[in-house]
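Engineer: what shape does this take:
(chains A and B)
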Amino acid sequence: MKRELLKLTLQFFLTTIGILSIGSLPYLFFDLERHLVVLRMIESGELDNTLFLYDSMEINFQAYFHEILSTINSLFHITDFQYHAKKAEFFLFPEFLHKYLFSMGQLGVALFIGLILAILGTYLIMLVPTKRRNITKFVLFIFESLPDIFVVVMIQLIVIWIYKKTDILLFNIVNSFGDKAYVMPVLILSFLPTVYIIKYLLIAFEDENDRLYVELARGKGLRKSYILLVHILRNATITLFNNFKTIFWFSLSNLLMLEVVFNINGFTKFILDNCILNPKIMTIGLFMVFLPFFIIFSLTNLFIRKLTDQEVVR
Amino acid sequence: MLIKKLLGEPLFMIGFIAILLLLIGSFVFSIYYQSDYEPATVLYDENKLPIENAPFSPSFRYPLGSDKLGYNMVLMLLEGAKYTIGLAAFIAVCRLVLSFFVGFILYLLPKKIKSLLHGLTDVFYYAPLTIFAYFLIAPVLVTFSWSYEESTRLIYSITVIILMAVPILSLFIAIEIEDTFREEFVRNAKILGGGRIHVFRKHVAPFLTPKILVVFVQQIGQVLMIFAHLGLLEIFIGGTERKVMGVTYKGEAIVEAFSMSHEWGGLIAKNFAYLSAFPWLVIGPVVAFAFTILAINFIVEGLKRAMKNDGPSKKLLKKKSSHRSIEIKLEHFKQIGLGNRG
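Structural biologist: Numbering: from 1, shown residues only, chains lettered A, B, ... in the order given. Okay, here's the model as predicted:
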């Protein structure tokens, strides 16, 4: 137990160093202080363009380490941190935290819906005989291959088209002032994760189906649906936890695209809009995603290890 | 042997031929037709009356519509195909070559350092690759875009996209090399006296090659996705040309940047603002991306299936397992001895 805690702490520190190194990377290759000054001048209208300015890439270790230290410093005084936007300085918190909770909430709900739908879907698919199942698997494969922007753009266009033809606004599409779009984004966000989870669950279910204990259960006379839901699901959930990290990663990328296309002022869009003028926001944002999910991942890994003596696949 | 199996694999052939046709069409178009192509900005009907102003909505003549300059979307996509796919393939090759070298070095390193590096590369799992790409490319492409030359911008963005994937990829390759060396046939080769390089060349490499091929094609798909995302974020990679679209009332020229190479990501970037007004401007490149990524995934799946079948051929397997199963009925049994009471 102690050894594992030690390993986890080491992992935590390493990833922290990784985040700090990448978040400050622009300082290594560019004279970023100068960039920022120029950018702020453009924003406030003092400068129209940078045609007359010259910049080049240079390796700048001193600025890099200075930035890392400065970021660490800001992290410890996080509530005082101010960022620059629209010609003024604003406090990052608690606004950032609100957006974070909003977007992560959407992600969480979407993943939850995806999980339920996927378990239902896999159950139904497993009840179908093998030949038809292969067709369904192929259809799933096609859905899984579609890029996320395709899904997002298509659905938005379908809703707009339906609205134009029938005057029925199915869901709130775009976030406009005072009108928050919530249902639609969450549903769309849950689409691709559902497909992924079904894919992994199907593989796990089919694997389990060939095992001896299933044969024994069938021999005992238990109904197929009972076996599926109680025994196989229990064992397949382990595979699911193995792939949780990948599913989460895809969903995060999905969330980013969603926020851009639907103009939702969420967490990732905020980072996108402001990370050019305030590179530290990138690092802070990374930490905010990293901290809770690192704990979740580590806990689930430990839980699975204790429960099944199986090593989690990296 | 693998190639023969691939040719028989329908998924692989569909995907492969689709992409091949796309690329050939792209080159043919550029070489033969492009110089003759003159865009029309106004559509006339039979009576020479103007019916539509560019951009044109989808019709028979313009299956995917056209853009503001009157270029047919299908032809633009066709022309941009070779740049987008070519660039993605180039980036994938560089990623793999670099990761292979780094991966091999990693494999040789002691275990402790490996777990150290594993912890460091974990960063990439907590944010989408696109955000990293945007964050690192923006200083060059967005901030000081005027003061860097075309070539520098191109090289820089390509380098960032290549290097971004190297940590995870090289770690993956190191683990694969390690697993391959643990296989029985490799251990046997070593026991029989094969030197390290000999074992690597004759035994390990042929085993690794199909796996690396699959990873290569997957990388192309992933890079295409990154291009699409960056397009949405209005970063375009590749040449841009600025055309004067009009004049404001102040007398300043309104300049718009067009991607002269018609690279698909650039098309999305340019036209994203017009999503509600002229949706086809964005649907066109998005569909093109979806189609290509789908074809690439078909190729990957075909490769995986062909690799799985790399044992005895399907006919042989069918022969082996062709015993018929008989349903057991009560009549098949003959009761001997006493009944229930025993």
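
Engineer: any weak-confidence spans in the stretch 51-200 of chain A?
Structural biologist: By pLDDT under 70, the low-scoring segments of the stretch 51-200 of chain A are A:51-56, A:86-87, A:166-181.

Engineer: tell me where the chain has strands.
Structural biologist: Picked chain A for this. A:82-85, A:88-91 (DSSP state E).

Engineer: let me rephrase: I mean chain B.
Structural biologist: Taking DSSP E, the strands of chain B run over residues B:42-44, B:50-53, B:241-247, B:253-258.

Engineer: which non-adjacent residue is nearest whichever residue of the stretch 1-150 of chain B sits closest to chain A?
Structural biologist: The stretch 1-150 of chain B approaches chain A most closely through residue B:119 (3.0 Å), counting by C-beta to the nearest C-beta. C-beta here means a position set from N, CA and C on the backbone, and glycine is covered the same way. Excluding its sequence neighbours, the residue lying closest to residue B:119 (C-beta to C-beta, 6 or more residues apart in numbering or on different chains) is residue A:14, at 3.0 Å.

Engineer: so that neighbour makes contact with residue B:122?
Structural biologist: Yes. In this structure, residue A:14 is within contact of residue B:122 by C-beta atoms under 8 Å, at 7.2 Å.

Engineer: which of those two has more neighbours?
Structural biologist: Using other C-beta atoms under 10 Å in any protein chain shown, the more surrounded residue of residue A:14 and residue B:122 is residue B:122, with 22 against 19.

Engineer: for that one, what are its contacts?
Structural biologist: A:11, A:14-15, A:18 (C-beta atoms under 8 Å, 6 or more residues apart in numbering or on different chains).

Engineer: for residue A:256, give me its contacts.
Structural biologist: Counting by C-beta under 8 Å, 6+ apart, residue A:256 has contacts A:268-269, A:272, B:128, B:130-131, B:229.

Engineer: which among these gets closest to residue B:308?
Structural biologist: residue B:128 (30.9 Å; C-beta to C-beta).

Engineer: against residue A:79, how distant is that closest one?
Structural biologist: 27 Å (C-beta to C-beta, to the nearest Å).

Engineer: of those two, which one has the most company?
Structural biologist: The neighbour comparison of residue B:128 against residue A:79 (other C-beta under 10 Å) goes to residue B:128, with 24 against 9.

Engineer: quick one: residues contacting whichever residue of chain A sits closest to chain B.
Structural biologist: Using C-beta to the nearest C-beta, residue A:14 is the residue of chain A that sits closest to chain B, at 3.0 Å. Counting by C-beta under 8 Å, 6+ apart, residue A:14 touches B:116, B:119-120, B:122.

Engineer: near chain A, which residues of the stretch 101-250 of chain B show up?
Structural biologist: B:116, B:118-123, B:125-132, B:134-136, B:138-140, B:142-144, B:146-148, B:152, B:156, B:175, B:224-225, B:228-229, B:232-233 (C-beta under 8 Å from any C-beta of the partner chain).

Engineer: list only those of those flagged as buried.
Structural biologist: When those are checked for burial by 16 or more other C-beta atoms under 10 Å in any protein chain shown, the buried set is B:118-123, B:125-132, B:134-136, B:138-140, B:143-144, B:148, B:156, B:175, B:224-225, B:228-229, B:232-233.

Engineer: please name the nearest non-neighbouring residue to the residue nearest to the spatial centre of chain A.
Structural biologist: With distances taken as C-alpha atoms, centre = their mean, the residue of chain A nearest its centroid is residue A:252 (1.8 Å). Closest residue to residue A:252 apart from its sequence neighbours, by C-beta to C-beta, 6+ apart: residue B:128 at 5.2 Å.

Engineer: same deal with residue A:225?
Structural biologist: Counting by C-beta to C-beta, 6+ apart, residue A:127 is the residue found nearest to residue A:225 once chain neighbours are left out, at 6.9 Å.

Engineer: residues near the one you found, how many?
Structural biologist: So residue A:127, with other C-beta under 10 Å, has 11 neighbours.

Engineer: residue A:234 now?
Structural biologist: Counted with other C-beta under 10 Å, residue A:234 comes out at 10.

Engineer: cool, and the one 10 residues further on?
Structural biologist: As a burial measure, the neighbour count of residue A:244 was computed by other C-beta under 10 Å and equals 19.

Engineer: cool, and residue A:152?
Structural biologist: Burial measure for residue A:152: 24 neighbouring residues, criterion other C-beta under 10 Å.

Engineer: and it, how far from residue B:329?
Structural biologist: From residue A:152 to residue B:329 the distance is 57 Å (C-beta to C-beta).

Engineer: go on, residue A:78?
Structural biologist: According to C-beta to C-beta, residue A:78 and residue B:329 sit 76 Å apart.

Engineer: top helix in the chain by residue count?
Structural biologist: Just so you know, I chose chain A. helix A:95-127 (DSSP state H).

Engineer: can you look at chain B instead?
Structural biologist: Longest helix of chain B, by residue count under DSSP H: helix B:73-108.

Engineer: residues of it that come out buried?
Structural biologist: Quick answer for helix B:73-108 (16+ other C-beta under 10 Å): B:73-85, B:87-89, B:91-92, B:94-96, B:98-100, B:102-103, B:106-107.

Engineer: try stretch A:226-233
Structural biologist: For stretch A:226-233, a neighbour-count test (16+ other C-beta under 10 Å) marks A:227-228, A:231-233 as buried.

Engineer: show me where the stretch 151-300 of chain B has its helices.
Structural biologist: Assigned by DSSP state H, counting those that start in this stretch, the helices in the stretch 151-300 of chain B fall at B:184-191, B:196-199, B:205-232, B:264-271, B:280-308.

Engineer: could you tell me the least trusted of those helices?
Structural biologist: Note on those: helix B:196-199 shows the lowest mean pLDDT, a mean of 74.

Engineer: which stretches of the stretch 51-200 of chain B have low pLDDT?
Structural biologist: B:51-62, B:64, B:67-70, B:142-150.

Engineer: repeat that with 90
Structural biologist: The model of the stretch 51-200 of chain B has pLDDT under 90 over residues B:51-87, B:100-160, B:164-165, B:167-168, B:170-200.

Engineer: and the residue nearest to residue B:119, what pLDDT?
Structural biologist: 86.

Engineer: which of the contacts of residue A:14 fall in helices?
Structural biologist: B:116, B:119-120.

Engineer: dump the residues you listed into a markdown table; add distance to residue A:217 as well.
Structural biologist: Converted to a markdown table, the ones in helices among the contacts of residue A:14 look like this (distance: C-beta to C-beta, whole Å):
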| residue | distance to residue A:217 |
| --- | --- |
| B:116 | 45 |
| B:119 | 42 |
| B:120 | 45 |
